[in-house]
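Enquirer: Sequence and predicted structure below; questions after.
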Amino acid sequence: MNESENIRFTEFLREKAAEAKRDLGYNPTDFLKMLGADGGYATVSRLIADKKPSTGFVKLWEHRRLDLSVEALVLETEWRRFFEESALQHAAERLIDAGYALQPLEASSRTERLPAETLNKATPEYIWRAVQQLLAGDVVHSFGPSTDYDLIADDGRRLPPKAVFGVALSIALAGTKIEPKHFTAGDTSACFRLLRAAGYQVVPKGAAGIEPDLDVEANAGWTEGKPRLVAHVKRERGQGIARAKKAQHRRLHGRLFCERCKLDPVEHFGTEEGEACIEVHHAATHVREMAEGHVTTLEDLQCLCANCHRLLHALLRAGKEDVAGSGRQAVG
């Protein structure tokens, strides 16, 4: 929930508190103080997470007006989409235990939005797969063209961000049909946040993307091979595919480690930041053998520590095979 949404949510809660005072003669002063100090989202999250019902919940139960409790105001309104599924479940259990009959939400685009916990299942791996399907034109979906923003694929082509995210979420949820009504897009949305976290630029229509710095070493001794190496590094440094590979590796193995020397950087350095040592390398096909328009799959890639990756590029510059490490067909 961003700042403007939290302001609206806080005002909504103040109005409901005023309704309780007007209709029941109950003035929730402590609740209003919490709203003033922390805002609506933090206040409601804390009240729902508490093991015991709040004093306000008990008062509203006594008046038979649990529809004014924060638990019901989250579950039965558009605001539920901003809360994790675990919090919604906790709120529902508390209301059911108190004998309250939850009212189902009306089927509308504002009330069918999926919770953040579900949206977060669209990992970089699934977002990359969605981009590939959309680029190939072999996926059916219910999303229209984008009107305001573009997602820039690794090859520079532009795609509608909401379509990419919808297809990715469908893949993550084993083919569940995802429609535009299930989530929002926009600069502060979870949709755009997750697309950008997957390594893609999401820019206003007409805006240029930023060319990534390839950090290719200058070396006069391999001038003839430099164009090939640059092409190779571009394939590796495509942020979408690199992050997709890492996400796939985590899903399959539970952690990141070097596929060549087996270094586990988190264990070695004793911190999660050690994962920064793992890079993605194109290992299945020589650059010189890649035809124009070569399509890379995640299975063509390796997760390597920075040392092994640098060594393999040195072997590539020298035109040598990787004879000591991975057992893959070739380097490059």
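Expert: Structure received.
Enquirer: who are the neighbours in contact with residue 103?
Expert: Shown in contact with residue 103 (Cβ atoms under 8 Å, 6 or more residues apart in numbering): 67, 76. In this view, the C-beta of every residue, glycine as well, is placed from N, C-alpha and C.
Enquirer: now residue 307
Expert: With contact taken as Cβ under 8 Å, 6+ apart, residue 307 is in contact with residue 261.
Enquirer: A helix includes it, no?
Expert: Yes. Applying DSSP: H, G, I helix; E, B strand; the rest coil, one finds residue 307 inside a helix.
Enquirer: can you give me the strands in the stretch 201-332 of the chain?
Expert: Using DSSP state E, counting those that start in this stretch, the strands of the stretch 201-332 of the chain run over 201-204, 278-282, 301-305.
Enquirer: Residue 92: which of those is closest?
Expert: strand 201-204 (34.2 Å; Cβ to Cβ).
Enquirer: mind checking how far the closest one is from the chain centre?
Expert: How far strand 201-204 lies from its chain's middle: 16 Å, per Cα atoms, centre = their mean, to the nearest Å.
Enquirer: helices or strands next to that strand in the packing?
Expert: Under the contact criterion of 3 or more Cβ pairs under 8 Å, 6 or more residues apart in numbering; DSSP states H and E, strand 201-204 touches strand 149-152, helix 190-197.
Enquirer: Columns mean pLDDT and distance to residue 191 on top of the strands of the stretch 201-332 of the chain, output as JSON lines?
Expert: Formatted as JSON lines, the strands of the stretch 201-332 of the chain follow (pLDDT from 0 to 100; distance: least, Cβ to Cβ, whole Å):
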{"stretch": "strand 201-204", "mean pLDDT": "93", "distance to residue 191": "9"}
{"stretch": "strand 278-282", "mean pLDDT": "87", "distance to residue 191": "25"}
{"stretch": "strand 301-305", "mean pLDDT": "90", "distance to residue 191": "26"}
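Enquirer: Between those, which one is closest to residue 119.
Expert: Nearest of these (Cβ to Cβ): strand 201-204, 15.2 Å.
Enquirer: if we can go back for a sec, may I see the strands of the stretch 201-332 of the chain organised as CSV, with mean neighbour count and distance to residue 14 added?
Expert: Below are those laid out as CSV (neighbours: other Cβ atoms under 10 Å; distance: least, Cβ to Cβ, whole Å):
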stretch, mean neighbour count, distance to residue 14
strand 201-204, 16, 34
strand 278-282, 24, 48
strand 301-305, 24, 51
